[in-house]
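Enquirer: just coords:
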């Protein structure tokens, strides 16, 4: 276990403005000892991927409640990989219908967290998967 | 064992971050001057209701927010509802329309038709209302940053139907301040946005006398994490900012204030919510009379729409949400709302299904027709607990308003990030309370069972996006593009002056300039807002 803090980038792709969840998760992870960069909302997958590489993020957390997740989540993963972020762990949250979960994990999302998930659950998942 | 230790908790509170609740309330908990602070229903300060008859005269409007996919699908739905006798419509627009992008913009990818109907031009607006006489219905439109454009398209569509503009009835949300705080569909910075908000209010005061020019909204702040007190305080602080901005334009208070309306959330704590609505009515009446020297009782009446609080819906054991919505709707009715939207039980899972939408509407009908709660005005008035809570909410909310006044008003408090930070803190405290089980959520952190129930949910296909893009392409090829270029130049030049933008917006709509093009013209003058990062 290294002393280096796990760097988590939290962002909202697309036009959805519901940022309560993204902000609470960002703050919760910060309080749990992660290094958190909150990128904000109304971002394209391109902008998020770019920042993930520039910020040398270990983890990217995406949030979408508008129903656009099938368009924006896989696109973000693909761009992160293309830009060289091979090992970046990409997770997501929001209103994600059950039937979409396997499609998203198939597209490279490591985990999806719906409403009712505790902060602790998310922190544990990231620690287990992103090491540190 | 002392009597105290036999209680379930050390401290009882209405909600997380809410008001401490005593074991029991008695006459000593409410001031002797209670009667004059209450008044009768329909009388200043309207604590009990704005109408003397309450719901005995007329029930609240059951106004379900809807809109999905293409204009044709939404039009089908509206026509069906119109034939069923519904004359009040509430339109949800997809996010690109709300944020000033056409459906073929890269940022619109995946969003087209998702959270509402896609409107790119007057052509879409005409199709949306085909077969529905706009002179005979009332339309509530959830639109803010692009409200001048959408209202202009609505007016232009009504004109094409031959409707008299003065007879148009409805509401535009047009509340930009809460967008910076919570809902986040802003485009321009606060100063330019306030000008657009007041342009609409001033235009409506002159040209659309039956139109509610603004719906000052606490709902989205509550959804973002605000407590009941914060919701009440920040909404009225925004209301004060809008009234002041209109006065600063030289308008006389009673020329516009009667058309101001409000929008609040209803949460699970029934009695706190009832007290909140009662306190809000009294506070607004006092603010209008004392602070703004209004002479017209209609300016003092807080008229409002309520939506049950979507955040409280759980993805786990979704049928339980029907009970939550019932409690919330009951609070809205006991509190005296003018219109109500009840959420569907499957909304934490996906866009609502038809069955869930029907149950939501039936919930309101059962409260109205079977519960008896609508048969007398303000049935909880005089309850020592409810009166005490009403006073307490008023006291705490007025303290917040005084603090915001001290910062120079709501706009300044928002620019500083004060309001956003207060709400973010409440949201975080709430999550921690849920994680520690200090706040029990049935089916989520307690009474958990393996989830078997999966409701059938609505899915919007990708063909909507393709169709809308093709339609735009065709429109751009067929319209008079020289005329569009001219009118967009006029939009830019009016935006640079202090003139009201509404007339040129209507011109642009008539010329079939698209919503994205008109928004871009305004962006070129006003620039774009970038939010400060507040966790």
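Expert: All right, it came through fine. All values derive from a computational prediction rather than experimental measurement.
Enquirer: hey, which helix is longest across chain A?
Expert: Determined from DSSP state H, the single longest helix within chain A is helix A:69-82.
Enquirer: mean confidence for it?
Expert: What helix A:69-82 shows for mean pLDDT is 97.
Enquirer: is chain B contacted by the helix or strand following it?
Expert: Following helix A:69-82 in sequence order, the next helix or strand is strand A:89-94 (DSSP states H and E). No. On the criterion C-beta under 8 Å from any C-beta of the partner chain, strand A:89-94 is out of touch with chain B, staying 10.3 Å away. Placement of C-beta: from N, CA and C, glycine included.
Enquirer: give me the buried positions along strand A:89-94.
Expert: Buried positions in strand A:89-94, judged by neighbour count with 16 or more other C-beta atoms under 10 Å in any protein chain shown: A:89-94.
Enquirer: would you mind giving those residues as CSV with pLDDT added?
Expert: Output for the buried residues of strand A:89-94, formatted as CSV (pLDDT from 0 to 100):
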residue, pLDDT
A:89, 97
A:90, 98
A:91, 98
A:92, 97
A:93, 96
A:94, 95
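Enquirer: tell me the one of those residues nearest chain B?
Expert: residue A:94 (10.3 Å; C-beta to the nearest C-beta).
Enquirer: hmm, residue A:61 and that closest one touching each other?
Expert: No. Using C-beta atoms under 8 Å, residue A:94 is not in contact with residue A:61, being 10.7 Å away.
Enquirer: so how far is chain A from residue B:183?
Expert: Separation of residue B:183 from chain A (C-beta to the nearest C-beta, to the nearest Å): 5 Å.
Enquirer: so what's that residue up against?
Expert: A:17, B:144, B:217, B:220, B:224 (C-beta atoms under 8 Å, 6 or more residues apart in numbering or on different chains).
Enquirer: which non-adjacent residue is nearest the last one?
Expert: In this structure, residue B:224 finds its nearest non-sequential neighbour in residue B:182, 3.9 Å apart by C-beta to C-beta, 6 or more residues apart in numbering or on different chains.
Enquirer: for the first one, same thing?
Expert: Here the nearest residue to residue A:17 in space, its sequence neighbours aside, is residue B:184; by C-beta to C-beta, 6+ apart that works out to 2.9 Å.
Enquirer: please name the bridge partners of the residue nearest to residue A:121 when sequence neighbours are not counted.
Expert: The shortest distance from residue A:121 to any non-neighbouring residue, by C-beta to C-beta, 6+ apart, is to residue A:113 (7.3 Å). Beta-bridge partners for residue A:113, by DSSP bridges, are residue A:93.
Enquirer: count the residues that sit near residue A:113.
Expert: By other C-beta atoms under 10 Å in any protein chain shown, the residues close to residue A:113 number 19.
Enquirer: does residue B:258 count as helix, strand or coil?
Expert: helix (DSSP: H, G, I helix; E, B strand; the rest coil).
Enquirer: how near is it to residue B:205?
Expert: 9 Å (C-beta to C-beta, to the nearest Å).
Enquirer: check which helices and strands the longest strand anywhere in chain A sits against.
Expert: In terms of residue count, the longest strand belonging to chain A (DSSP state E) is strand A:35-43. Here strand A:35-43 touches strand A:7-13, helix A:20-31, helix A:45-54, going by 3 or more C-beta pairs under 8 Å, 6 or more residues apart in numbering or on different chains; DSSP states H and E.
Enquirer: the longest helix of chain A packs against which elements?
Expert: Helix A:69-82 packs on strand A:7-13, helix A:45-54, strand A:59-64, strand A:89-94, helix A:101-106, going by 3+ C-beta pairs under 8 Å, 6+ apart.
Enquirer: quick check: angle from the second one to helix A:69-82?
Expert: With axes from the mean of the first three to the mean of the last three C-alpha atoms, to 10 degrees defining the directions, helix A:45-54 sits at 40 degrees from helix A:69-82.
Enquirer: buried set for helix A:45-54?
Expert: For helix A:45-54, by 16+ other C-beta under 10 Å, it's A:45, A:47-49, A:51-53.
Enquirer: need those residues in JSON lines with pLDDT, can you?
Expert: JSON lines is the format used below for these (pLDDT from 0 to 100):
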{"residue": "A:45", "pLDDT": "96"}
{"residue": "A:47", "pLDDT": "96"}
{"residue": "A:48", "pLDDT": "98"}
{"residue": "A:49", "pLDDT": "98"}
{"residue": "A:51", "pLDDT": "98"}
{"residue": "A:52", "pLDDT": "98"}
{"residue": "A:53", "pLDDT": "98"}
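Enquirer: which one is the residue of chain A found nearest chain B nearest to, not counting chain neighbours?
Expert: Nearest residue of chain A to chain B, counting by C-beta to the nearest C-beta: residue A:71, 2.4 Å away. Leaving out its chain neighbours, the residue that sits closest to residue A:71 by C-beta to C-beta, 6+ apart is residue B:110, at 2.4 Å.
Enquirer: neighbours of the one you found, how many?
Expert: Around residue B:110 there are 24 residues (other C-beta under 10 Å).
Enquirer: surely it touches residue A:72?
Expert: Yes. Using C-beta under 8 Å as the test, residue B:110 is close enough to residue A:72 to be in contact (5.4 Å).
Enquirer: mutual contacts of these two, please.
Expert: Joint contacts of residue B:110 and residue A:72 (C-beta under 8 Å, 6+ apart) are residue A:14.
Enquirer: what residues are up against the nearest residue to residue A:79 once chain neighbours are set aside?
Expert: Spatially, and ignoring its direct neighbours in sequence, residue A:79 is nearest to residue A:49 (3.5 Å; C-beta to C-beta, 6+ apart). Contacts of residue A:49 were listed using C-beta under 8 Å, 6+ apart, and they are A:76, A:79-80, A:82-83, A:85.
Enquirer: check residue B:371 too.
Expert: residue B:330.
Enquirer: quick one, phi psi at it?
Expert: phi -90, psi -20 (degrees, to the nearest 10).
Enquirer: over to residue B:443?
Expert: phi 90, psi -10.
Enquirer: contact partners for the residue lying closest to residue B:258 once chain neighbours are set aside?
Expert: Closest residue to residue B:258 apart from its sequence neighbours, by C-beta to C-beta, 6+ apart: residue B:298 at 3.9 Å. By C-beta under 8 Å, 6+ apart, the residues touching residue B:298 are B:254, B:257-258.
Enquirer: first-to-last residue distance for stretch B:284-296?
Expert: Using C-alpha to C-alpha, to the nearest Å, the end-to-end distance of stretch B:284-296 comes to 13 Å.
Enquirer: quick one: buried residues of it?
Expert: B:284-289, B:292, B:294.
Enquirer: same question, stretch B:60-70
Expert: Quick answer for stretch B:60-70 (16+ other C-beta under 10 Å): B:60-64, B:66-70.
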